[in-house]
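Peer 1: missing the sequence, but the structure's below:
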């Protein structure tokens, strides 16, 4: 089944509410209903993605942070970091709360903190031996859409943009918009859409439920000392990686 795009969802909402489908995405801006559907789909996307205390599993993403000699600060993703770990060793970086008075030191970064919510700061500062090493950063994104190349973005804007919600759950956005549009009428159709939305939401929760291999909750402070110590121990028993630590 082809992935439902922003344009597909717009037309599905229009059809469900007995408006005419449009042939091109640009036509949506020429009718009041089209403009409103575009806005309301993004509002529904934001509401659904933010509605749980623990983040949905589909929000979890990762990227590689490449170390550069002498560079302390790196771009922060739009979201909350779960953990940071070297690709070539089992070392997990520790979140450091009390970093204001740390002396300037160069070497292998073992700690990190977030500066002004915009940059990841590493400590010690990478030296020449660390250039090119990769740190895997896993995080929960606050960007709820992707473009056709898979690049995350805050919201859907182009015809072929897609929500980050798994494809088989994307009807939840249609039912949410339809339920909101009909809510003031308080008729049988309004009740129908509200029930469809609640059912879709229940299915999303069931599909995204936390399991034993995906523990409840998440920790933006990283895994701290316990995981750091465990990773050191694991590295000690792996001769191929132990030499990279000391």
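Peer 2: That came through, no problem. Every value quoted in this text rests on a predicted model; they were computed, and no experiment measured them.

Peer 1: how far away is residue 180 from residue 206?
Peer 2: Note on residue 180: its distance to residue 206, by C-beta to C-beta, to the nearest Å, is 23 Å. To be clear about C-beta, it is placed using only N, CA and C from the backbone, and glycine gets the same treatment.

Peer 1: Compare the two and say which one has the larger neighbour count.
Peer 2: residue 180 (17 against 8; other C-beta atoms under 10 Å).

Peer 1: okay, the more buried one: pLDDT?
Peer 2: Reported pLDDT at residue 180 in the predicted model: 96.

Peer 1: residues contacting it?
Peer 2: For residue 180, the contact set (C-beta atoms under 8 Å, 6 or more residues apart in numbering) comprises 40, 44.

Peer 1: May I ask which helix or strand encompasses it?
Peer 2: Assigned by DSSP states H and E, residue 180 falls within helix 171-182.

Peer 1: My guess is residue 17 contacts residue 178. True?
Peer 2: Yes. Using C-beta atoms under 8 Å, residue 17 is in contact with residue 178, at 6.1 Å.

Peer 1: more neighbours, the two?
Peer 2: Counted by other C-beta under 10 Å, residue 17 and residue 178 do not tie: residue 178 has more neighbours, with 24 against 16.

Peer 1: On the pLDDT front, check residue 55 for me.
Peer 2: Residue 55 carries a pLDDT value of 89.

Peer 1: who touches the most centrally placed residue in the chain in this structure?
Peer 2: Nearest to the mean C-alpha position of the chain, by C-alpha atoms, centre = their mean, lies residue 141 at 2.1 Å. Under the criterion of C-beta under 8 Å, 6+ apart, the neighbours of residue 141 are 59-61, 77-79, 152, 164.

Peer 1: redo that, cut-off 10 Å
Peer 2: 49, 55, 58-62, 77-80, 152, 154, 164 (C-beta atoms under 10 Å, 6 or more residues apart in numbering).

Peer 1: Return the subset of the residues you listed lying in strands.
Peer 2: 60-62, 79-80, 152 (DSSP state E).

Peer 1: Looking at those, point me to the pair that's furthest apart.
Peer 2: Across those, the longest distance by C-beta to C-beta is 13.9 Å; it joins 80 and 152.

Peer 1: between these two, what contacts are shared?
Peer 2: 141-142.

Peer 1: how near is residue 184 to residue 81?
Peer 2: Counting by C-beta to C-beta, the gap from residue 184 to residue 81 is 42 Å.

Peer 1: The two: who's more crowded?
Peer 2: Using other C-beta under 10 Å as the criterion, residue 184 and residue 81 rank with residue 81 on top: 21 against 8.

Peer 1: Return the set of residues that bridge with the more buried one.
Peer 2: residue 139 (DSSP bridges).

Peer 1: There's contact between it and residue 140 in this structure, I believe.
Peer 2: Yes. With contact defined as C-beta atoms under 10 Å, residue 81 reaches residue 140; the gap is 8.3 Å.
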